[in-house]
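[1] Provided below are the primary sequence and the corresponding predicted coordinates.
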Amino acid sequence: MPEFSGRGLAVPPVHLSRLVLTDFRCYSRAELHLDGRPVVLTGENGAGKTNLLEAVSLLSPGRGLRGAAYAELARDEGAGGWIVAATLETEHGPVRLGTGLEAGVDIGTRSRSVRIAGEQAGPSALAELVSLVWLTPAMDRLFMEGASERRRFLDRLVMGFDPAHGTRAGAYDRALRERNKLLSDAVFDDAWLSGLEEQMAEHGVAIAAARREMLARLRGALAAAKDGAFPRADVALEGTLETALETAPAVDVEDAFRATLKEMRGRDAAAGRALDGPHRSDLLVRHSAKDREARQCSTGEQKALLIGIVLANARLMAAMGRPPLLLLDEVAAHLDAERRAALFDEITGLNLQAFMTGTDPALFDSLGSRAQNLHVDHGMVAPAAS
């Protein structure tokens with residue numbers, strides 16, 4: 001195996017080597033120099049560990065792992081803006097990334113600036129460079145809550161294979177919101193609505209097709225996985241467009257969806273929302289060995305199923321040459337020793353850079369020197385004591 005810093009680890013083909021936060025959450029300024037190994041962040045509750053993961057998550061499209069408004073990310077004692085900057089190591093060399101919000105921007109703004117190699121870019125351009133997948137304690141109820149969070153989780157996996165997926169989803173959502181507003185205001189202008197429905201049909205079918213393609217790959221990876229610490233999941237999609245694409249070409253599904261939207265304007269106006277489309281689809285997950293829906297499994301089994309899906313996705317992406325960065329917040333606390341060791345072995349075996357948080361350093365002992373251990377203490381980050 002190629003040597004890495006004398007530790008017997010290969011350098012991940014994609015990883016962050018530097019992360020700088022300015023006026024972000026609890027950090028006045030923090031600078032982390034990373035060597036490519038998995039990063040373990042330990043410290044007491046409220047010390048700022050998850051804030052670091054959130055900063056990394058903003059190096060991708062969207063509002064990060066907490067989904068917070070951008071203005072909320074500014075440090076309370078700061079000037080009102082914030083910056084997250086990083087150096088991403090790729091097979092083609094290092095790339096400087098940066099994102100932030102200028103001081104004085106109105107609270108609740110949806111915009112942030114993004115720079116790639118010093119040039120202004122849109123957030124969607126970040127997906128071309130790096131794929132990020134995260135698990136947080138809030139996702140422990142992913143299989144128990146409504147479908148919206150499962151869709152977000154699925155769409156983040158899809159973006160790893162198809163970076164344009166996020167752009168299409170954003171365009172679909174904008175057309176959907178505008179159509180909803182027109183209908184709620186009783187504005188039944190056929191030309192206006194037809195233009196929006198044309199966009200919804202085009203982007204909606206593309207979204208559904210990308211989800212189906214990605215899920216087919218994921219099923220293969222899950223089926224090929226050896227039985228181990230994480231139970232095998234059976235995954236499926238429930239949605240009108242996804243189902244229609246099983247038996248009809250995309251162009252026919254587009255035409256049918258466009259016709260449905262036009263026909264159902266009155267119904268959607270009464271409901272206050274569009275009742276058909278990929279924004280209503282759901283990710284269905286079953287425990288394969290027990291042939292039981294994930295929501296009927298124990299809390300521990302649900303967590304293990306979710307980790308198994310994330311690891312299968314990571315194996316797929318690594319095989320494609322697009323290994324993801326994994327952000328795992330408090331993931332080790334609810335795993336037994338066998339599953340913790342299996343998780344760590346999988347991460348290092350796939351040669352991924354993962355960021356993991358926990359309050360107890362002992363939970364990460366089995367990683368040994370395979371990890372870069374940092375201690376977080378209320379806005380300060382330093383190497384953890386040996």
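    The structure has been received and is ready for your questions. Numbering: from 1, shown residues only.

[2] Helix or strand for the nearest residue to residue 367 once chain neighbours are set aside, just tell me which one.
    Computed as Cβ to Cβ, 6 or more residues apart in numbering, the closest residue to residue 367 that is not its neighbour in sequence is residue 344, at 4.9 Å. Where C-beta positions appear, they are placed from N, C-alpha and C, glycine not excepted. Following DSSP states H and E, the helix or strand that holds residue 344 is helix 337-349.

[3] Spell out the residue ranges of the helices in the protein.
    Under the criterion DSSP state H, the chain contains helices at 49-57, 147-161, 165-184, 190-224, 240-244, 250-263, 265-271, 299-319, 337-349.

[4] Figure out which of those is closest to residue 360.
    Of all the helices of the chain, helix 337-349 sits nearest to residue 360, with 11.2 Å by Cβ to Cβ.

[5] can you give me the offset of stretch 195-210 from its chain's centre?
    In terms of Cα atoms, centre = their mean, to the nearest Å, the centre of stretch 195-210 is set 22 Å apart from its chain centre.

[6] Give me the mean pLDDT for it.
    For stretch 195-210, mean pLDDT is 98.

[7] Check stretch 302-320 too.
    Stretch 302-320 comes out at a mean pLDDT of 94.

[8] picking up where we left off before, what about the helices of the chain, which gets the closest to residue 375?
    Between the helices of the chain, helix 49-57 lies closest to residue 375; by Cβ to Cβ that is 9.7 Å.

[9] Other residues contacting the closest one?
    With Cβ atoms under 8 Å, 6 or more residues apart in numbering as the test, helix 49-57 has contacts from 16, 19, 21, 24-27, 30, 32, 41-43, 64-66, 68, 73, 84, 86, 132, 134, 136, 325, 327, 329, 355, 357-358, 376, 381.

[10] Alpha carbons of that helix, as PDB, please.
    Extracted C-alpha coordinates of helix 49-57, given in PDB (Å, rounded to 0.1, in the frame of the first residue of the first chain):
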ATOM      1  CA  LYS A  49     -17.800  20.500  16.600                       C
ATOM      2  CA  THR A  50     -21.000  20.500  14.500                       C
ATOM      3  CA  ASN A  51     -20.300  24.100  13.400                       C
ATOM      4  CA  LEU A  52     -17.100  22.800  11.700                       C
ATOM      5  CA  LEU A  53     -19.000  20.100   9.900                       C
ATOM      6  CA  GLU A  54     -21.600  22.700   8.900                       C
ATOM      7  CA  ALA A  55     -18.900  24.900   7.500                       C
ATOM      8  CA  VAL A  56     -17.600  22.000   5.300                       C
ATOM      9  CA  SER A  57     -21.100  21.200   4.200                       C
END
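
[11] quick one: residue 11 and residue 37 touch, right?
    No - in this structure, residue 11 is not within contact of residue 37 by Cβ atoms under 8 Å, at 9.2 Å.

[12] out of these two, which sits in the more crowded spot?
    Set side by side, residue 11 and residue 37 show more neighbours around residue 37, with 23 against 16, by other Cβ atoms under 10 Å.

[13] Pretty sure residue 352 is one of the things the more buried one touches, is it not?
    No - Residue 37 is not in contact with residue 352 according to Cβ under 8 Å; the separation is 10.1 Å.

[14] where does the stretch 101-250 of the chain have low pLDDT?
    Regions of the stretch 101-250 of the chain meeting the criterion pLDDT under 70 cover residues 105-110.

[15] ok, the closest residue in space to residue 326 that isn't next to it in sequence - contacts?
    Nearest residue to residue 326, sequence neighbours excluded (Cβ to Cβ, 6+ apart): residue 354, at 3.9 Å. Residues in contact with residue 354 (Cβ under 8 Å, 6+ apart) are 38, 39, 325, 326, 327, 328, 347.

[16] Kindly give the local confidence score, pLDDT, for the third one.
    Think residue 325. At residue 325, pLDDT is 97.

[17] Settle this for me: it is touching residue 19, isn't it.
    No - contact status for residue 325 versus residue 19: not in contact, 11.1 Å apart, counting by Cβ under 8 Å.

[18] check contacts around the closest residue to residue 275 other than its chain neighbours.
    Nearest non-adjacent residue to residue 275, counting by Cβ to Cβ, 6+ apart: residue 268, 6.0 Å away. In this structure, residue 268 makes contact with 179, 180, 183, 261, 274, 275, judged by Cβ under 8 Å, 6+ apart.

[19] Dump those residues to CSV, plus neighbour count and distance to residue 235.
    Listed next are the contacts of residue 268 as CSV, based on neighbours: other Cβ atoms under 10 Å; distance: Cβ to Cβ, whole Å:
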residue, neighbour count, distance to residue 235
179, 24, 30
180, 17, 30
183, 22, 34
261, 23, 28
274, 24, 25
275, 14, 25
